[in-house]
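In: coordinates only, sequence not included:
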């Protein structure tokens, strides 16, 4: 792909929720000369962004840069963009990609910001992208890390990880989204970066339930630590790297998601712990808590790989109505007694 290492004139971002809009803002802040084009599913959201430089539903009163424009016209957003960033709900990705495929610029690189597994196929988002767009691995990347959108939108310093099998491509993407307040690191471990971002949502649901049940910090610290252990087991079984799980896309993202009231998954878990039904939680949430959608797929994938994930198993049992939140706590740390160092086995 010629010109890969040059700054693009245009970057397309699909999905005008909190993270999609925030990432579009990061790129626009990083390079005022780049035109950032944001696809919004609803025309009224695009209108507000264009006329008032606001996305009030998701980012309240945070002003968006002048070089960020929105549209509900997919062809207009994608046209001529050598970098396409996807921030749509994980379960709607595949049909979205079918619409995108004929509109992609030749040679475009596609980046996933999504943290979920597809239900029914248990596929990671990069795998869905590869299947639907027929792209080679060096044109697919993922970005993950402790990326709570509202904090980044407020320009609070944040680090993240860009992963692509081609390090040169990862570095090119990192250069495009390096802002004074947003520092991306790079690696080639796409599997590990994705799995860290996926499983932490399920663990955050568990920690949220603990909060809703007014359990103490010892309990939450134990669940977070053992949650990282079972995330690591799954990542390694799928070919991910141990170092990734100890870094921003593993431990960093897990801590932020489990600890912050800004986390949708933590909030959903807390509401479950306070006694709301799953339907009531879904009605209360303005955005998707991916852990609710992906929990079963994570557990199915673990079963395929022969990996024990007791915390994930317990959370999925709660989500599917087979276990009450009162019964959850005793199930969180139920592996057989062994050395802590055996967490990878």
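Out: Thanks, I have it. Given the structure is predicted, the values throughout are model-derived calculations rather than measurements.

In: For the rest of this, base every contact and every neighbour count on C-alpha atoms.
Out: Will do.

In: Mind listing residues that contact the helix or strand harbouring residue 12?
Out: Using DSSP states H and E, residue 12 sits in strand 10-14. With contacts defined as C-alpha atoms under 8 Å, 6 or more residues apart in numbering, strand 10-14 is touched by 20-21, 24, 34-40, 77-78, 80-88.

In: Neighbouring strands of that strand in the sheet, and parallel or not?
Out: strand 35-39 (parallel), strand 83-86 (parallel) (DSSP bridges).

In: Show me which of those strands has the highest average neighbour count.
Out: strand 35-39 (a mean of 27; mean count of other C-alpha atoms under 10 Å).

In: returning to that earlier point: let's have the strands paired with strand 10-14 in JSON lines, adding mean pLDDT and distance to residue 277.
Out: Shown next, in JSON lines, are the strands paired with strand 10-14 (pLDDT from 0 to 100; distance: least, C-alpha to C-alpha, whole Å):
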{"stretch": "strand 35-39", "mean pLDDT": "98", "distance to residue 277": "33"}
{"stretch": "strand 83-86", "mean pLDDT": "98", "distance to residue 277": "31"}
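
In: Please produce JSON lines containing those strands, extended by distance to residue 303.
Out: Listed next are these as JSON lines, based on distance: least, C-alpha to C-alpha, whole Å:
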{"stretch": "strand 35-39", "distance to residue 303": "37"}
{"stretch": "strand 83-86", "distance to residue 303": "29"}
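
In: among those strands, which is nearest residue 72?
Out: When the strands paired with strand 10-14 are compared by C-alpha to C-alpha, strand 35-39 sits nearest residue 72, at 5.6 Å.

In: quick revisit: can you tell me what sits against the next helix-or-strand element following the strand holding residue 12?
Out: Under the assignment DSSP H and E, the closest C-terminal helix or strand after strand 10-14 is helix 18-30. Helix 18-30 has contacts (C-alpha under 8 Å, 6+ apart) with 13-15, 34-38, 55, 58-59, 64-65, 67-68, 86-88, 113, 148-150, 152-153, 176-180, 182.

In: Recalculate using a threshold of 6 Å.
Out: 58, 87, 149, 153, 177-179 (C-alpha atoms under 6 Å, 6 or more residues apart in numbering).

In: do the same with stretch 207-226
Out: By C-alpha under 6 Å, 6+ apart, stretch 207-226 touches 266, 269-270, 272-274.

In: Just the ones of the residues you listed in helices?
Out: Among the contacts of stretch 207-226, DSSP state H puts 266, 269-270, 272-273 in helices.

In: closest to residue 318 among those?
Out: Among the ones in helices among the contacts of stretch 207-226, and counting by C-alpha to C-alpha, the member closest to residue 318 is residue 272, at 9.1 Å.

In: How many neighbouring residues does the closest residue to the closest one other than its chain neighbours have?
Out: The shortest distance from residue 272 to any non-neighbouring residue, by C-alpha to C-alpha, 6 or more residues apart in numbering, is to residue 209 (6.0 Å). Using other C-alpha atoms under 10 Å, residue 209 has 29 other residues around it.

In: Residue 25 too?
Out: 25.

In: By residue count, what's the longest helix in the protein?
Out: helix 190-212.

In: before we move on, the earlier item: ok, which of the strands paired with strand 10-14 comes nearest residue 236?
Out: strand 83-86 (25.7 Å).

In: who's in contact with that closest one?
Out: For strand 83-86, the external contacting residues (C-alpha under 6 Å, 6+ apart) are 11-14, 108-113.
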